[in-house]
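Colleague: With the input below, show me the fold.
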Amino acid sequence: MASLRMRAVRAVLRLTRKRGMATVERARKRIAAPKASYAPPAALRKRHDVRSREVEGFPCTTVAPRDGRSTRAAIYLHGGAYISEISPQHWTLISALADAGVRVEVPSYGLAPQHTYREAYPFLGSVYRRLLADVDASAITFVGDSAGGGLALGFAQTLAGVGLPQPGRLVLISPWLDLTLSNPDLDAIRDPWLNRVGLAEAAAAWAGGDDPTDPRLSPLNGPLSGLAPMDVYVGTRELCLPDVLLLKDRCATEGVTPQVTVCEGAVHVYPLVPAPEGRAAARTIVRSVSQDSVS
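Modeller: Numbering: from 1, shown residues only. Sure thing, here's the model as predicted:
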């Protein structure tokens with residue numbers, strides 16, 4: 001059973017977030033709205049060594065321990081349906097990773113409708129290449145939540161094609177795996193936050209007229225063998241659940257065994273939520289990313 005705090009979070013989301021993308025008109029207004037700042041909060045700059053720069057014309061922020069003791073690194077790809085900028089909850093997890101000795105690269109990929117996936121992949125490739133100059137691939141983790149989780153998996157699937165090594169690990173938090181939202185099991189999900197109507201509009205904007213079944217958009221359709229070890233976190237009260245379970249099944253057919261954690265009663269991206277289930281999952285993620293070896 002979900003904790004009292006998680007049930008309260010569900011109620012708040014239903015009242016404050018669900019309706020914002022409930023119709024095509026509302027979704028298009030939200031997509032077209034000005035984007036928030038990608039800049040890290042002042043408290044993060046006080047706590048860690050924070051540096052920002054441009055890579056391929058897009059901002060990328062490095063968050064690292066002040067004492068320079070990092071031996072491991074992560075690339076964190078934030079969620080937001082490919083239309084919203086990074087949020088305080090993302091920075092909280094990034095800060096926890098830096099506290100644990102992890103250097104975190106935070107690429108601020110261009111958001112729809114001004115940008116599409118076509119610009120994101122070369123940008124991420126440049127960020128990863130530059131990180132590899134300092135850190136061995138085995139000590140790097142790709143971490144992504146929601147849309148960022150789908151992007152992390154899609155990017156990992158393209159690495160062999162551009163001559164780059166797999167990272168040591170993939171950590172996917174409620175990944176958006178199929179932009180078509182066509183899984184029939186979605187009908188049974190009672191998600192207090194996400195709305196399929198709005199997500200479909202965001203997906204179309206991010207695809208920029210291209211086929212949404214392309215694995216770079218819907219990595220559920222991409223190759224799964226040969227990828228880094230994969231940890232996936234998902235709640236039972238979110239639209240991402242059916243496709244995560246389908247991902248697990250498809251991994252099995254390709255001889256891959258991801259570690260999938262399904263949290264009963266939890267909402268979308270629950271490791272970012274201030275509830276007992278979320279805090280426990282966040283601790284596990286930080287531990288897995290900061291450890292010296294991949295089990």
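Colleague: what's near enough to touch residue 139?
Modeller: 71-73, 168 (CB atoms under 8 Å, 6 or more residues apart in numbering). (C-beta placed from N, C-alpha, C; glycine too.)
Colleague: Correction: the previous question concerned residue 105.
Modeller: 60-62, 73-76, 127, 131.
Colleague: okay, now residue 131: neighbour count?
Modeller: 20 (other CB atoms under 10 Å).
Colleague: Report the buried residues of the host helix or strand of it.
Modeller: Counting by DSSP states H and E, the element that carries residue 131 is helix 117-132. Burial within helix 117-132, assessed by neighbour count using 16 or more other CB atoms under 10 Å, is assigned to 117, 119-121, 123-128, 131.
Colleague: Work out the gap between it and the centre of the chain.
Modeller: Distance of helix 117-132 from the chain centroid (CA atoms, centre = their mean, to the nearest Å) equals 15 Å.
Colleague: How is the residue lying farthest from the centre of the chain assigned, secondary-structure-wise?
Modeller: If you look at how far each residue of the chain sits from its centre, by CA atoms, centre = their mean, the farthest one is residue 67, at 27.4 Å. Under DSSP: H, G, I helix; E, B strand; the rest coil, residue 67 falls in the coil class.
Colleague: Return the member of the contacts of residue 105 nearest to residue 184.
Modeller: Nearest to residue 184, judged by CB to CB, of the contacts of residue 105 is residue 76 at 32.4 Å.
Colleague: so is the closest one in a helix, a strand, or just coil?
Modeller: Strictly by three-state DSSP, residue 76 counts as strand.
Colleague: how many neighbours does it have?
Modeller: 26.
Colleague: Please report how far it lies from residue 139.
Modeller: Separation of residue 76 from residue 139 (CB to CB, to the nearest Å): 15 Å.
Colleague: returning to what we had before: a markdown table please, covering the contacts of residue 105 and showing distance to residue 176.
Modeller: Below are the contacts of residue 105 laid out as a markdown table (distance: CB to CB, whole Å):
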| residue | distance to residue 176 |
| --- | --- |
| 60 | 22 |
| 61 | 23 |
| 62 | 26 |
| 73 | 24 |
| 74 | 19 |
| 75 | 17 |
| 76 | 16 |
| 127 | 20 |
| 131 | 24 |
